[in-house]
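In: Dropping the sequence and predicted coords here.
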Amino acid sequence: MATENKNLSQYNKAELPSVAGKKFAIVTSEWNNHITFNLRDGAKDTLVDLGASIEDIELYQVPGSFELVYGADKIAKAKPELDGIIVIGCVIRGATAHFDYVCEGVTQGIKDLNIKHEMPIIFCVLTDENEQQSIDRSGGKHGNKGVEAGVAAVMMADFKSKLG
Ligand SMILES: Nc1c(NC[C@H](O)[C@H](O)[C@H](O)CO)[nH]c(=O)[nH]c1=O
Ligand SMILES: CC(=O)[C@@H](O)COP(=O)(O)O
């Protein structure tokens, strides 16, 4: 279902597992940080709302979305006890093909890390045609994809705990 047809910030707390005692990291790109910091806060607040302690949520920053792959890989290696990592970025199309290569690189890179590591790595990277689309999806009229990422992290941490 397209985002325009669904608000991304609505979840039913009673239908989701608690993540009390579970540990997460959020790594956020500083490019477009007027967008990415809203996404980060949405994800963090959702994890806390669903039972995580703020002390169990580690925050990291990298320059751009392309560096999310390196950052998440380093965190996963250094912190194998984590129950999940959320990567947050906002890529907005410019005048050249660079958008396509950044989006492809970070998408494939994060996919590869999910195969490489034991913990789920949640993809919260906006790939938008213009800034308004990003604004609409980071606390605007279409909700906050950071909240969606927080819910996904909770569900995947529960999935992981059931399989060991
Ligand atoms: N144009 C955007 C970028 N570009 C920077 C790259 O992500 C990367 O930091 C650079 O190529 C150096 O390796 N990054 C974003 O996150 N969003 C953009 O719109
Ligand atoms: C996604 C990008 O790297 C892009 O914003 C850069 O802009 P441009 O393609 O005009 O150089």
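Out: Happy to help now that I have it. Ligands and ions are numbered 1, 2, ... in the order given.

In: Need the three-state assignment for residue 154.
Out: With DSSP: H, G, I helix; E, B strand; the rest coil as the basis, residue 154 sits in helix.

In: so how far is residue 102 from the residue in the chain that ligand 1 sits nearest to?
Out: Taking Cβ to the nearest ligand atom as the measure, the chain has residue 64 as its residue closest to ligand 1, at 2.2 Å. Backbone N, C-alpha and C define where each C-beta goes, glycine included. To residue 102, residue 64 is 7 Å away according to Cβ to Cβ, to the nearest Å.

In: And these two? Which one has more around it.
Out: Taking neighbours as other Cβ atoms under 10 Å, residue 64 and residue 102 compare with residue 102 leading, 20 against 15.

In: correct me, but that one touches residue 92?
Out: No: here residue 102 lies out of contact with residue 92, judged by Cβ atoms under 8 Å, at a distance of 10.0 Å.

In: Find the helix or strand that the residue in the chain positioned nearest to ligand 2 is a member of.
Out: Using Cβ to the nearest ligand atom, the closest approach of the chain to ligand 2 is made by residue 94 at 2.2 Å. Using DSSP states H and E, residue 94 maps to neither a helix nor a strand.

In: What residues does the protein have near ligand 1?
Out: Neighbours of ligand 1 within the chain, by Cβ under 6 Å from any ligand atom: 29, 31-32, 63-67, 89-92, 102.

In: Mind putting the residues you listed into TSV with secondary structure and distance to ligand 2?
Out: Shown next, in TSV, are the residues of the chain next to ligand 1 (DSSP: H, G, I helix; E, B strand; the rest coil; distance: Cβ to the nearest ligand atom, whole Å):
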residue	secondary structure	distance to ligand 2
29	strand	11
31	coil	8
32	coil	9
63	coil	12
64	coil	8
65	helix	8
66	helix	9
67	helix	13
89	strand	10
90	strand	10
91	strand	5
92	strand	6
102	helix	5
